[in-house]
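1. everything below, folded, please.
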Amino acid sequence: MGIIFEKKRIWVTVALLLLGIAMMVMGIWRGEMREIMLRTSLVCFDCIGLG
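-> As a prediction, the model looks like this:
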């Protein structure tokens, strides 16, 4: 049973990794990366007193 569990665990790990990569690609394709960078820079400027 140990070998079957390990094979299943590997498949689940690979599936989650591929899902995560697909979601990152979709986010970049939709332009969300620009929005995130804009918001983080505004928060950073606000923290140091420039914004």
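
2. give me the distance between Ile3 and Ile10.
-> 11 Å (C-beta to C-beta, to the nearest Å). All C-beta atoms are positioned from the backbone trio N, CA, C, and that covers glycine.

3. okay, the two: which has more neighbours?
-> Between Ile3 and Ile10, counted using other C-beta atoms under 10 Å, the more crowded position is Ile10 (10 against 7).

4. show me what contacts the residue positioned nearest the centre of the chain?
-> For the chain, the residue nearest the mean C-alpha position is Met24 (5.4 Å; C-alpha atoms, centre = their mean). By C-beta atoms under 8 Å, 6 or more residues apart in numbering, the contact set of Met24 is empty.

5. tell me which element it is part of?
-> For Met24, the host element (DSSP states H and E) is helix 2-29.

6. just checking, next helix/strand downstream of that helix?
-> Taking DSSP H and E, what comes next after helix 2-29 is helix 32-47.

7. near Ile48, how many residues? Count them for me, please.
-> Ile48: 7 neighbours (other C-beta under 10 Å).

8. ok, Gly27 next?
-> 13.

9. residues in contact with it?
-> Met33.

10. for Ile21, see how far away it is.
-> Gly27 is 11 Å from Ile21, by C-beta to C-beta.

11. same check, this time on Ala15
-> Distance from Ala15 to Ile21, by C-beta to C-beta: 11 Å.
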